[in-house]
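# generate a structure from the sequence data that follows.
(one chain, ligands or ions: 1)
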Amino acid sequence: MFVYYLIALVVILLDQLTKWIVVTQMELGQSIPVIENFLYWTSHRNQGAAWGILQGQMWFFYLITVVVIGFVIYYIQQYGKESRLAGTALALILAGAIGNFIDRIFRREVVDFADTLIFGYDFPIFNVADSSLVVGVILVMLATIIDEQRKKKGSLE
Ligand SMILES: CCC[C@@H]1OC(=O)[C@@H](C)C[C@H](C)CCCCC(=O)CCC[C@@H](CC)/C=C/C=C(\COC)CC[C@@H](O)[C@@H](O)C[C@H](O)CNC1=O
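Prediction:
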């Protein structure tokens with residue numbers, strides 16, 4: 001069980017380290033090509049959620065984030081033992097939520113830097129915490145599907 005909180009801690013440290021580098025080593029708006037026409041490291045800030053929705057609604061974000069963290073910890077305790085995939089997925093969501101929560105509390109905005117052109121030209125700039133959230137959500141869906149299949153197979157046997 002403890003291993004999931006360790007995973008979350010490592011992702012949070014990576015998230016905060018990358019954000020610290022962006023804040024201390026780059027000017028706002030500065031963009032460094034990592035892979036030309038594909039991936040740029042751009043210093044960006046967002047006072048909202050994905051796609052900049054709900055700009056400045058910090059109390060709403062605090063509320064949602066605390067609820068997300070509460071649910072995730074509850075489900076890690078519930079399913080962490082029986083499913084490593086579910087536990088890891090939940091740990092990634094926990095890390096992402098906490099990573100952006102730290103920014104929202106101390107900076108009152110979220111630091112973003114991952115600027116890609118693969119998803120079409122207007123894909124918003126994101127950060128390690130967002131990626132961890134998105135991967136975690138996808139893995140939770142995967143773990144649920146696998147669990148359903150296992151239950152179905154079990155009931156047929
Ligand atoms: C990823 C959730 C966003 C993250 O939610 C959080 O913090 C959680 C813990 C708290 C939110 C207040 C609640 C979730 C709102 C739901 C939401 O937003 C719909 C998400 C759809 C998702 C499909 C799964 C798309 C993905 C998009 C992006 C991520 O691409 C990898 C672009 C990220 C850029 O707009 C970047 O500027 C965002 C900035 O970093 C602040 N980040 C947040 O608000």
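
# count the residues that sit near Val11.
A count of neighbours around Val11, defined by other C-beta atoms under 10 Å, yields 23. (C-beta placed from N, C-alpha, C; glycine too.)

# do the same with Ser31
Neighbours around Ser31, by other C-beta under 10 Å: 15.

# how about the nearest residue to it, chain neighbours excluded?
Distances taken as C-beta to C-beta, 6 or more residues apart in numbering put Thr42 closest to Ser31, at 4.1 Å, once the chain neighbours are dropped.

# get me the contact residues on the protein for the ligand.
Residues of the chain lying near the ligand by C-beta under 6 Å from any ligand atom: 46, 49-52, 61, 64-65, 68, 97, 100, 110, 112, 124-127, 130-131, 133-134, 137.

# just the ones of the residues you listed in strands?
Asn46, Val110, Asp112 (DSSP state E).

# buried residues of the longest helix along the chain, list them for me.
In terms of residue count, the longest helix belonging to the chain (DSSP state H) is helix 128-156. Using 16 or more other C-beta atoms under 10 Å as the test for burial, helix 128-156 gives Val128, Ala129, Asp130, Ser131, Ser132, Leu133, Val135, Gly136, Leu139, Val140, Ala143.

# ok, the fifth one - contacts?
Translated: Ser132. By C-beta atoms under 8 Å, 6 or more residues apart in numbering, the residues touching Ser132 are Val11, Asp15, Leu92, Ile93, Ala95, Gly96, Gly99.
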